[in-house]
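**Student:** Return atomic coordinates for the entry below.
(2 chains)
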Amino acid sequence: EDQVTQSPEALRLQEGESSSLNCSYTVSGLRGLFWYRQDPGKGPEFLFTLYSAGEEKEKERLKATLTKKESFLHITAPKPEDSATYLCAVLRRGYGGSQGNLIFGKGTKLSVKP
Amino acid sequence: NAGVMQNPRHLVRRRGQEARLRCSPMKGHSHVYWYRQLPEEGLKFMVYLQKENIIDESGMPKERFSAEFPKEGPSILRIQQVVRGDSAAYFCASSPPGTRYEQYFGPGTRLTVT
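**Tutor:** Next up is the predicted model:
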């Protein structure tokens, strides 16, 4: 069964304390892995897409990496405004060879204290 | 470029009433997806549509739920005879045609069934 597991469920950091969030997945026919940020009461905000093992993407204090079984979201010197829930999702092949649907993990709730 | 638009943002219905949720995709996007987020649960795929076609409805409950994306106008998610268990946040996402698979989410509609 296709599955996405994120750990930890919650993470508390001091401002400037770097850390990593984990996303492990089992899926047949992976088409891509996505990271989103979700603030309370809002829709997920797209961050990164990773397509193949070894790929890395960076945006400000965030860096996403991908292996054959998991992805990491590294947060370097976080600030309080980085506090949010970070969601990982995988895209599997859809029916008829068309774009498929995203399978989401439950997210990691990050709190960064000043 | 306006993002994905959803309305209403909040919807309150009594048990047995109908709920209609609307989604306008980003300009140039021809694929629409609906997801549901229950409290303490991850986002769950419901249905994937293109103009006038349902591509994948494997996540839709068999009864009371339907979706459409007409040639003109927004995509509609319709829930008939709502029950308390339908209370959730419903998110719409859209993606462009081609091989870029990023899905961009709207702000969501929060449905409360009383």
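
**Student:** how close does A:Thr5 sit to B:Arg36?
**Tutor:** Taking CB to CB, to the nearest Å as the measure, A:Thr5 falls 20 Å from B:Arg36. Every C-beta, even on glycine, is put in place using the N, C-alpha and C of the backbone.

**Student:** Between those two, tell me which one has more neighbours.
**Tutor:** B:Arg36 (21 against 13; other CB atoms under 10 Å in any protein chain shown).

**Student:** Buried residues of whatever helix or strand the more buried one lives in, list them for me.
**Tutor:** For B:Arg36, the host element (DSSP states H and E) is strand B:31-37. For strand B:31-37, the neighbour count (16 or more other CB atoms under 10 Å in any protein chain shown) marks B:His31, B:Val32, B:Tyr33, B:Trp34, B:Tyr35, B:Arg36, B:Gln37 as buried.

**Student:** near chain A, from the residues you listed?
**Tutor:** B:His31, B:Tyr33, B:Tyr35 (CB under 8 Å from any CB of the partner chain).

**Student:** from the chain's centre, how far out does the lowest-mean-pLDDT helix or strand in chain B sit?
**Tutor:** Counting by mean pLDDT, DSSP states H and E, chain B has its least confident helix or strand at strand B:53-56, which shows a mean of 90. In this view, strand B:53-56 has its centroid 13 Å away from the chain centroid, taken as CA atoms, centre = their mean, to the nearest Å.

**Student:** Assess the claim that B:Glu52 and B:Pro70 are in contact.
**Tutor:** Yes. The pair B:Glu52 / B:Pro70 is scored as a contact, 6.5 Å apart, by CB atoms under 8 Å.
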